[in-house]
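Peer 1: Fold the stuff below for me.
(one chain, ligands or ions: 1)
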Amino acid sequence: MSDSHSALLEMRDVSVTVRGAGGDVPVLRDVALEVGRGELVGVVGETGAGKSFTARAVLGLLPHGAQRVSGSVVFDGTELDKPRAYADLRGTRMGFVPQNPRLALDPVFTVGSQLVAVIRRGQRTSRKQARARGIALLADLGVHEPERVMRSYAHQLSGGLCQRACIAIALANDPELVIADEPTTGLDVTVQRQILDLLRSQLVRDGRGGLLITHDLGVIATWCDRVAVMYAGRVVAVGPVADVLREGHPYAQGLKGIAVALEHGVEPVAIPGTVPTPGDQIEGCAFAPRCAVATDRCRADDPAPRPYGDQLVRCHHPVADAELPGVGRPTRSKEVGV
Ligand SMILES: Nc1ncnc2c1ncn2[C@@H]1O[C@H](COP(=O)(O)OP(=O)(O)OP(=O)(O)O)[C@@H](O)[C@H]1O
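Peer 2: Model prediction:
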């Protein structure tokens with residue numbers, strides 16, 4: 001049941017496996033995450049961390065061969081445990097901006113017919129009114145010729161216009177929750193700012209909320225309230241953006257160092273080593289082999305989440321402000337991908 005004090009979205013210890021050559025391997029491990037009402041939560045981490053799987057686990061859109069093996073997803077007080085639980089939610093109460101917008105659009109229908117269909121699925125409205133709403137949404141997203149885009153097929157549009165068409169589809173029915181997977185990657189800074197301003201203004205009012213997946217810590221610093229940092233299929237730090245960026249998990253501090261260096265046009269100090277891939281044998285903390293402050297304990301014991309100020313961190317040795325390289329916090333959405 002809806003309760004104005006409960007979180008809009010709660011993922012509790014969600015684990016997901018995918019079928020590999022040698023059996024099922026974990027891609028998400030005990031992911032716990034909340035989106036409060038009126039809150040935009042960022043999800044950040046290197047490629048392969050499990051960000052997209054997190055989005056898909058919430059939406060019940062796991063790819064073939066992947067399955068949720070434990071945990072729960074609760075949206076507005078309702079547990080989403082069966083495919084039919086999603087039937088009345090996706091496209092209406094939950095909007096999704098997928099990572100590859102050109103592939104996400106249906107190639108045999110115009111953008112306009114897809115937008116009109118989504119709007120009419122969620123609202124009692126005439127075709128004409130739905131079309132006007134679609135045009136207005138595209139215009140809000142900075143599309144200069146929305147009527148032309150409505151008449152176009154995906155293959156006739158640039159990547160940026162396909163992206164904005166997907167965002168318009170996600171927002172079409174004023175969903176309570178929007179999950180956006182890299183919604184502005186590749187767009188120029190002005191358009192990116194316009195889209196993220198619009199997403200934020202839509203999502204932080206009326207008890208709505210959003211999950212914004214990005215490689216870009218500058219985007220998170222500017223537009224999100226809280227952030228979850230993912231590593232090897234896990235949330236390793238979660239909390240208010242300013243806190244997570246200031247101090248805590250050494251991995252989050254490493255990402256911050258890279259983002260800040262890029263923002264200042266300085267060669268970043270890369271985090272040594274590579275991200276483990278699903279199926280790798282992990283002993284102790286998955287980040288330990290790359291961590292500047294790891295000890296024998298880290299290599300032996302997998303850290304459980306524990307409070308660190310207002311954050312939760314999976315780390316035996318969280319670092320205080322300025323203990324690791326990094327010069328402050330990234331401030332804006334330049335090319336600061338991690
Ligand atoms: N369909 C699939 N089947 C099996 N494994 C997959 C599949 N899709 C992704 N993976 C693997 O699952 C892991 C998590 O992938 P995911 O796409 O969630 O990462 P991500 O953090 O979103 O990365 P990126 O930033 O590159 O999008 C990766 O190691 C990836 O190689």
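Peer 1: List the residues that contact residue 123.
Peer 2: Going by Cβ atoms under 8 Å, 6 or more residues apart in numbering, residue 123 touches 130, 173. (C-beta placed from N, C-alpha, C; glycine too.)
Peer 1: distance of it from the ligand?
Peer 2: 32 Å (Cβ to the nearest ligand atom, to the nearest Å).
Peer 1: Likewise for residue 271?
Peer 2: From residue 271 to the ligand the distance is 15 Å (Cβ to the nearest ligand atom).
Peer 1: Residues of the protein that sit close to the ligand?
Peer 2: For the chain, the residues in contact with the ligand (Cβ under 6 Å from any ligand atom) are 18, 27, 45, 47-53, 63, 65, 277-278.
Peer 1: Now which of those residues would you call buried?
Peer 2: Buried by 16 or more other Cβ atoms under 10 Å: 18, 27, 45, 48-53, 278, out of these.
Peer 1: tell me the two of the residues you listed that are most distant?
Peer 2: Maximum pairwise distance in those, criterion Cβ to Cβ, is 17.4 Å, between 18 and 45.
Peer 1: Any idea which residue is closest to the centre of the chain?
Peer 2: residue 213 (2.2 Å; Cα atoms, centre = their mean).
Peer 1: Which pLDDT value does the model give that residue?
Peer 2: Per-residue confidence (pLDDT) for residue 213: 96.
Peer 1: I figured it was touching residue 180, is that so?
Peer 2: Yes. Contact criterion Cβ atoms under 8 Å: residue 213 and residue 180 qualify, at 6.7 Å.
Peer 1: returning to what we had before: got the contact list for the residue nearest to the centre of the chain?
Peer 2: With the criterion set at Cβ under 8 Å, 6+ apart, residue 213 makes contact with 42-44, 51-52, 54-55, 99, 179-182.
Peer 1: now the residues you listed as JSON lines including secondary structure, pLDDT and distance to residue 11?
Peer 2: What follows is these, written out as JSON lines (DSSP: H, G, I helix; E, B strand; the rest coil; pLDDT from 0 to 100; distance: Cβ to Cβ, whole Å):
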{"residue": "42", "secondary structure": "strand", "pLDDT": "97", "distance to residue 11": "15"}
{"residue": "43", "secondary structure": "strand", "pLDDT": "97", "distance to residue 11": "11"}
{"residue": "44", "secondary structure": "strand", "pLDDT": "96", "distance to residue 11": "16"}
{"residue": "51", "secondary structure": "helix", "pLDDT": "95", "distance to residue 11": "13"}
{"residue": "52", "secondary structure": "helix", "pLDDT": "95", "distance to residue 11": "14"}
{"residue": "54", "secondary structure": "helix", "pLDDT": "97", "distance to residue 11": "7"}
{"residue": "55", "secondary structure": "helix", "pLDDT": "95", "distance to residue 11": "11"}
{"residue": "99", "secondary structure": "coil", "pLDDT": "87", "distance to residue 11": "19"}
{"residue": "179", "secondary structure": "strand", "pLDDT": "96", "distance to residue 11": "11"}
{"residue": "180", "secondary structure": "strand", "pLDDT": "95", "distance to residue 11": "16"}
{"residue": "181", "secondary structure": "strand", "pLDDT": "94", "distance to residue 11": "15"}
{"residue": "182", "secondary structure": "coil", "pLDDT": "92", "distance to residue 11": "19"}
